[in-house]
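[1] quick one, what's the 3D model for this:
(2 chains)
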Protein chains: 2
Amino acid sequence: MASGYNVGVVGATGLVGQEFLRILEGGGHPDLPVATLRLFASERSAGQRVTFRGQTYTVEVARPEPSLFRGLDFVLTALDDHLARVYAPAVAAAGALDVDKSNAWRMDAQVPLVVPEVNPDDARRHQGIIAGPNCSTTQMAVALWPLHRQNPIKRIIVDSYQAVSGTGKAAVEELRAQTADLLAGGTARAREYPHQIAQNVIPEIGGLKDGDLYSEELKLIEETRKIFHVPDLAISATCVRVPVLTGHSEAVHVEFERPMPPEEARAILAAAPGVALVDEPARSRYPMPLDAAGRDPVYVGRVRRDPSHPRGLALWIVADNLRKGAALNAIQVFELIARNGWQAGARREAA
Amino acid sequence: MASGYNVGVVGATGLVGQEFLRILEGGGHPDLPVATLRLFASERSAGQRVTFRGQTYTVEVARPEPSLFRGLDFVLTALDDHLARVYAPAVAAAGALDVDKSNAWRMDAQVPLVVPEVNPDDARRHQGIIAGPNCSTTQMAVALWPLHRQNPIKRIIVDSYQAVSGTGKAAVEELRAQTADLLAGGTARAREYPHQIAQNVIPEIGGLKDGDLYSEELKLIEETRKIFHVPDLAISATCVRVPVLTGHSEAVHVEFERPMPPEEARAILAAAPGVALVDEPARSRYPMPLDAAGRDPVYVGRVRRDPSHPRGLALWIVADNLRKGAALNAIQVFELIARNGWQAGARREAA
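    Residues are numbered from 1 along each chain as shown, chains lettered A, B, ... in the order given. You can find the predicted model right below:
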């Protein structure tokens, strides 16, 4: 047994790749000791130097070839969907375990879609690829699952307030540039989004699906059903981009099988893994993206009776979309596999 | 019959007062010809000069005394609640018709709460004061009422994305200042809001009521019930402040008595007074605060089946919170009274 794992990141210079390295470097993940680290990116970014725990790594050119990943145990692929479609199988073919954060594999019946706080056992049946859910799905799943376990959820209505970092580096830069241009009395130019995002909100995230839902809305619906193992769970979502850098917020209205008193929900949430309850509305204490950015927990507040339904509960869920929404969840999946020895990476090949 | 009405504005230098004058000046309201105009504000703002249709007016010091308003027909009071409580009765006692935009009178059983597109007949029984609803209520009422008339609404879930101009001038300045300070690498100071609003969203609007709802949420519930004449209408709301200057947005999920096909809803909305349908999601066309600012209509888009309910419809509603949300609605109420001769102002006294 090595003293640590051989870890790779494909898309190492992107927002999620960088967050992954930042979290690992920060410690607090003893089940994922790193023996060696290899970083990959497109030709454009390859050659960049990245410092990790005092050591300098040169970013290698990524190619979707198994030989490139040979010897690695755990690989995060943080890529666009079309790239993830070819990279994840290449990583798996090399004998490593790939955790993919794109949308490419999430709904594949052969690929587990895992949030460790919710459905860790699904990870057991991986065949080299485990998908992480979309950022807005992950935080909602972490917050609602402990409630669902006590009292089955029959319906979820969720409206989101999503940060630009979910779109990537260029979108973060676009919001900054637009803000500066408007402040200087100029006009804002939009490239990453179909419209100006500074001083605006845009009810379009992802491409249009099924004629009237955008893909982010469909992801929230389909991924939650898969993670919860409730294929017909009733879910409705409106996903909205807001001029916030990091941290997705969600206004959520839930109907349960039986009444769910807010006090009971708060007690469950206060004890739930991965959840931080911030719920003192009289003192203006509730979750906000500004407070969630850079932190691990899924924050939940505004827990209250939904006055429009006898078995309803309303709540407000906020998390760092790059952390729990992507990079942290991947680390937790690796830790889960490492802890349980569910045929992790190169060890799987050796077995 | 005079060639026009004697119109007064109390709170003439505030955001709503200014918007009121801007709309009137722009024309398009033939039923409210202005013969004389009188402007009132606090001592701090009194003495300011305001130009209206080429004529200069000096802002007078407001005092809650009927004698001050004698001879006026129509008066808008755009004041904080505690001031509106004393000013509206003073205006009414002077024989003028007061339209009050504050929260002070809305739920008073003696005071009609009127959105002309929805419940014009309620205005008929005024006793000198007519209240305009809260901005977030007004736009939702305009959009949902035509649907409700065809197919009764049983439940509304609404989550809002509200602009800072709803709070007033100081809040607009605070967002601008915070944005500039953050851009310059400094820190943001919060005074108007309990937290930084730039690059953030805050799920608190108004004071805490009933232990777990903020007043903006309670207003949406209670005012909609009163305007729709459905005292037990099931409504749930989460109201959220977003870093947008002008234009409130609302993600709305509605349950009807019978199924409401999206095509039918679109046809109804396309023909509805005060509504502009903007609904081509494949072309990234939907309502946004940036487009709604400075315009009259209540914009509706993202009209679609709510996949979580057999009789559900989801939609997205945006309007200029200062226009239809406040100043324009007041003008429309004055026009309504003027058209119908329902004992308007000084004419009421004379009658």
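
[2] which ones are touching A:Asn321?
    A:Asn321 is in contact with A:135-136, A:139, A:162-163, A:165-166, A:246-248, counting by CB atoms under 8 Å, 6 or more residues apart in numbering or on different chains. Where you see a C-beta, it was placed from the backbone N, CA and C, and this is true even at glycine.

[3] burial of the residue nearest to it when sequence neighbours are not counted, as a residue count?
    Spatially, and ignoring its direct neighbours in sequence, A:Asn321 is nearest to A:Cys135 (4.0 Å; CB to CB, 6 or more residues apart in numbering or on different chains). Neighbour count of A:Cys135, defined by other CB atoms under 10 Å in any protein chain shown: 27.

[4] so what's A:Cys135 scoring on pLDDT?
    On pLDDT, A:Cys135 comes in at 97.

[5] how close does it get to A:Arg305?
    Distance, A:Cys135 to A:Arg305, using CB to CB, to the nearest Å: 28 Å.

[6] can you pull the buried residues of stretch A:260-274?
    For stretch A:260-274, burial by neighbour count (16 or more other CB atoms under 10 Å in any protein chain shown) applies to A:260, A:262, A:265-266, A:268-269, A:272, A:274.

[7] of those, closest to chain B?
    Nearest to chain B, judged by CB to the nearest CB, of these is A:Pro262 at 7.0 Å.

[8] got the contact list for the closest one?
    Neighbour list for A:Pro262: A:303-305, A:313, B:212 [criterion: CB under 8 Å, 6+ apart].

[9] ChimeraX command for the buried members of the residues you listed?
    The buried residues among these can be selected in ChimeraX (16+ other CB under 10 Å) with this line:
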select /A:303,304,305,313 /B:212
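
[10] just give me the least confident of the contacts of A:Pro262.
    In terms of pLDDT, the lowest of these is B:Asp212, showing 93.

[11] pretty sure it is in contact with A:Gly301, am I right?
    No. Between B:Asp212 and A:Gly301 there is no contact under CB atoms under 8 Å: 10.5 Å.

[12] what is in contact with those two at once?
    A:Pro281.

[13] just to be sure, which of the buried residues of stretch A:260-274 are found in helices?
    Within the buried residues of stretch A:260-274, residues falling in helices by DSSP state H are A:262, A:265-266, A:268-269.

[14] helices of the stretch 101-250 of chain A, start to end?
    Taking DSSP state H, counting those that start in this stretch, the helices of the stretch 101-250 of chain A run over residues A:135-150, A:169-183, A:215-228.

[15] what are the buried residues along the first one?
    Applying a neighbour-count criterion of 16+ other CB under 10 Å, one finds A:135-148 buried in helix A:135-150.

[16] can you give me the strands for the stretch 201-350 of chain A?
    Using DSSP state E, counting those that start in this stretch, the strands assigned to the stretch 201-350 of chain A run over residues A:208-209, A:213-214, A:234-238, A:248-256, A:275-277, A:298-305, A:312-319.

[17] what lines up beside the fourth one in the sheet?
    Spelled out, it's strand A:248-256. strand A:153-161 (antiparallel), strand A:312-319 (antiparallel) (DSSP bridges).

[18] what angle do helix A:135-150 and the shortest one make with each other?
    This means strand A:312-319. Strand A:312-319 runs at 140 degrees relative to helix A:135-150, counting by axes from the mean of the first three to the mean of the last three CA atoms, to 10 degrees.

[19] what's the angle between strand A:312-319 and helix A:262-270?
    Using the same axes, to 10 degrees: strand A:312-319 against helix A:262-270 is 30 degrees.

[20] and the angle for strand A:312-319 with helix B:215-228?
    Counting by the same axes, to 10 degrees, strand A:312-319 points 140 degrees away from the direction of helix B:215-228.

[21] one step back: can I get the strands of the stretch 201-350 of chain A in TSV with distance to A:Arg85?
    Shown next, in TSV, are the strands of the stretch 201-350 of chain A (distance: least, CB to CB, whole Å):
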stretch	distance to A:Arg85
strand A:208-209	18
strand A:213-214	21
strand A:234-238	25
strand A:248-256	25
strand A:275-277	33
strand A:298-305	29
strand A:312-319	27
